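# sharing a model prediction with you, sequence too.
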Amino acid sequence: MLRLLMRRVLLLLLLVPLLNAAGYVYAMRAQPLVYDSFGKVVHFQDGQMVTHVGAVEQPSLTSQYVDYLRQGLAGDWGLDRIPVRRFALASGQLLGITLLVVVLLGPLCGLLALNRRTRRVRPSAVSLFALGSSLPGFFLATLAMWLLVVGKRQGWYTARGYLIPIQGMGFDKHMILPVAVLALRPVMYVAGVTAGLLEHELQQDYVQVARSKGLRWGQVLRRHAFPNVRATTLVALGQALQFVIGGLILIEPLFDWRGIGWLLVAVFFDNRRSYANEFIMNEHLLAVLLPLFGVVMLLVDTLPRVLAYALDTRLEQRSHA
Amino acid sequence: MKLQNRPLFFGALIAAVIVFLALFGPSLAPHDPMATNRSFVYAGVSYGGPPLRALPPLTSPEFPLGHDRISRDVLSRLLWAVRPTLLLCGMAAVLRMLIGVGVGLLIGAFGSRLAGLVDLLLSLSGAIPSLLLAMAVVLFRPNAAGLPLFLVALTALGWIPTAVLVQNRVRLIMRSPFIESAVAVGQRRWGIFTRHVMPQIWPLVPLLLASELSAVTLLIAELGYLGLYLGGAFIYADYVSDFGPPDFLIPQQSRPELGQMLSDFFGQLNRTPWEPIFAGVLVVLMLIGWTLLSEGLRRELDVTRPGLWRRWRARRSPPSR
């Protein structure tokens, strides 16, 4: 476990400066896809629209990056006007609830998918997991939003408004749709992995012996089969949580949830909303957002893995072998 | 006959339908996918481009899936769209698989020192969402985003998990007792590799291809939803009055492609929400097909399950005495 932790810490130390430099250089070099009203591509420099690129003599990219780092180390990362912490907090709320749903529902669905008699995964569950893992979150979200809009127009629900808010932020019913959409695919993935692992485990001789001794289905699962798959399920859970974080890029702009995913899309696209233009290809912002995303992705993979190694030492031995 | 491997059967069935649509869809299309029907009259009601209403689905037998927002036949566009999407998916999936299998085989067999590098790449790739990287690659030079750039965007990270899987499998085989025996009888390393290792890797190829197809299709759909798709665009202009500037300017993609048909859902929500919904259903069908095919092949290759191939071989082999 110590080896894994050391490797991950080293990776983190490598990843943060790498992604910071990549974000800065990318934003400086890329051409944003923004058109003016005459269909011409508009260029941005330091968040400002410019008509003639290269008309002003610019210092080299390396010296600009060195200056940026120097200012950053002095405490000025160029993000005074952008409340990154507030965006991160909004994403954190959404992620926290989604992770909770995935952790609770994923393994539970996996357990329920097993047939007691055959000790195999039910064919209907296999189809359900395949369907759930195949449904892209953005499509599910747009379908749900469209249905709510149609329902409102048809007068299916009261004049007070939508049944569930289709856009906006809030630690209330605004979370229902984004959490459901973000959690569906990871829940189905974890359920599929758990069911598959349990199916394999339930075919083993020791389970046969336990059954022949008269142990009930629940006891066999709880005492014998599940402890053997718990660690691997945790690793799968880490991967599923990476899906959730990757999904933020699409789901947050869709629901207008002003979090890190929304901010990242605003950096890449001109979505012509309120103050989005100051974000587009903003090198200071991209240089912070990319490492932030990378660190969170790495952490959600590492923590379940460490926990898995602590729970089942065989995993560590296998990985060394 | 009882169907033992349902995921394989239904996955293969859906894949066959998709391939059939890709091959013969354009021939089956009842109308030109590019032709606009600006003044279509059915049952005394005029339908057409803005400001007229768009023809909804299941209204006219001539256009069963209705018109898109500039009055093109949605059914014909869907039938034409499968081919370019499947071609792009196929190319990217094959490329990912070839690189992954090639690197995995080489490192598994000859480069145990390089294995750490692939593991490092895997960890790094886990820290960057594939959609984010694909988006960044395509948007780096959006005006020059052609097939090569899209292939780079879709392949950049996807080959790494395949390489790790193949490498681990090869290393496992290389530690088997029969390899030790082959070394003991004086077989050369290359001979052992081609005669004993490669034949055990080939059965994995269809499984890997199916899962790569699933991953690539999802990525293409997500990119399309964000408005990043293959092919150029044109501006559709419609005049309400006979003189002056056009009243409606709508950017439209020239050739139908599923990613493009999914884009701009909110722009179409009021006028033609059915177009992205039909395209989304087709994408989901493709994803379910690939996922079921991959799961079915995994089950078929699982030696602990009573697979179709093993039952057939067991029937053909003479009974043991």
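Great, that's in hand.

# burial of the residue lying closest to A:Arg81 once chain neighbours are set aside, as a residue count?
Residue nearest to A:Arg81 in three dimensions, not counting chain neighbours: A:Glu278, with 7.0 Å by Cβ to Cβ, 6 or more residues apart in numbering or on different chains. Glycine gets a C-beta too; all of them are placed from N, C-alpha and C. For A:Glu278, the neighbour count with other Cβ atoms under 10 Å in any protein chain shown is 15.

# could you check how far A:Glu278 is from A:Leu254?
For A:Glu278, the distance to A:Leu254 equals 22 Å [Cβ to Cβ, to the nearest Å].

# now B:Pro61
35 Å.

# picking that back up, isn't the residue nearest to A:Arg81 right next to A:Asp80, touching?
No - between A:Glu278 and A:Asp80 there is no contact under Cβ atoms under 8 Å: 11.7 Å.

# how about B:Tyr42, phi and psi?
phi -140, psi 130 (degrees, to the nearest 10).

# check what pLDDT it gets.
Reported pLDDT at B:Tyr42 in the predicted model: 85.

# where along the stretch 51-200 of chain A do the helices fall?
In the stretch 51-200 of chain A, the helices defined using DSSP state H, counting those that start in this stretch lie at A:61-73, A:84-112, A:123-134, A:137-154, A:176-202.

# and those helices as JSON lines, adding mean pLDDT and mean neighbour count?
Conversion of the helices of the stretch 51-200 of chain A to JSON lines gives the following (pLDDT from 0 to 100; neighbours: other Cβ atoms under 10 Å in any protein chain shown):
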{"stretch": "helix A:61-73", "mean pLDDT": "89", "mean neighbour count": "13"}
{"stretch": "helix A:84-112", "mean pLDDT": "92", "mean neighbour count": "18"}
{"stretch": "helix A:123-134", "mean pLDDT": "84", "mean neighbour count": "19"}
{"stretch": "helix A:137-154", "mean pLDDT": "86", "mean neighbour count": "18"}
{"stretch": "helix A:176-202", "mean pLDDT": "91", "mean neighbour count": "23"}
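
# phi, psi of the most far-flung residue of chain A relative to its centre?
Distance from the C-alpha centroid of chain A peaks at A:Lys213, with 44.6 Å (Cα atoms, centre = their mean). Note on A:Lys213: backbone dihedrals following degrees, to the nearest 10 are phi -80, psi -10.

# in what helix or strand does whichever residue of the stretch 201-321 of chain A sits closest to chain B lie?
Relative to chain B, the nearest point of the stretch 201-321 of chain A is A:Gly246 (3.5 Å; Cβ to the nearest Cβ). Taking DSSP states H and E as the criterion, A:Gly246 maps to helix A:226-254.

# likewise B:Val17?
Assigned by DSSP H and E, B:Val17 falls in helix B:6-28.

# which strands and helices sit next to that helix?
helix A:123-134, helix B:74-110, helix B:274-301 (3 or more Cβ pairs under 8 Å, 6 or more residues apart in numbering or on different chains; DSSP states H and E).

# closest to A:Leu19 out of the ones you listed?
With Cβ to Cβ as the criterion, A:Leu19 lies closest to helix B:74-110 of the helices and strands packed on helix B:6-28, at 22.8 Å.

# between the closest one and helix B:274-301, how big is the angle?
30 degrees (axes from the mean of the first three to the mean of the last three Cα atoms, to 10 degrees).

# low-confidence ranges in the stretch 201-321 of chain B?
B:231-254, B:302-321 (pLDDT under 70).

# now for whatever residue of it ends up closest to chain A, how many residues are close by?
Relative to chain A, the nearest point of the stretch 201-321 of chain B is B:Leu287 (3.7 Å; Cβ to the nearest Cβ). Using other Cβ under 10 Å, the number of residues around B:Leu287 comes to 24.

# enumerate every residue touching it.
A:134-136, B:214, B:217-218, B:221 (Cβ atoms under 8 Å, 6 or more residues apart in numbering or on different chains).

# distance to B:Ile70 added to these, as CSV?
Shown next, in CSV, are these (distance: Cβ to Cβ, whole Å):
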residue, distance to B:Ile70
A:Ser134, 31
A:Leu135, 29
A:Pro136, 26
B:Ser214, 32
B:Thr217, 27
B:Leu218, 28
B:Ala221, 22
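
# among those residues, who's most crowded?
B:Thr217 (28 neighbours).

# which strands and helices sit next to the host helix or strand of that residue?
For B:Thr217, the element it lies in under DSSP H and E is helix B:204-225. In terms of contacts (3+ Cβ pairs under 8 Å, 6+ apart), helix B:204-225 is packed against helix A:137-154, helix B:74-110, helix B:130-140, helix B:147-155, helix B:159-174, helix B:258-262, helix B:274-301.

# closest one to A:Val288 among those helices?
A:Val288 lies closest, by Cβ to Cβ, to one member of the helices and strands packed on helix B:204-225: helix B:130-140, at 14.4 Å.

# how many neighbours does A:Ala74 have?
So A:Ala74, with other Cβ under 10 Å, has 8 neighbours.

# next one: the one 5 residues further on
By the criterion of other Cβ under 10 Å, A:Leu79 has 15 neighbours.
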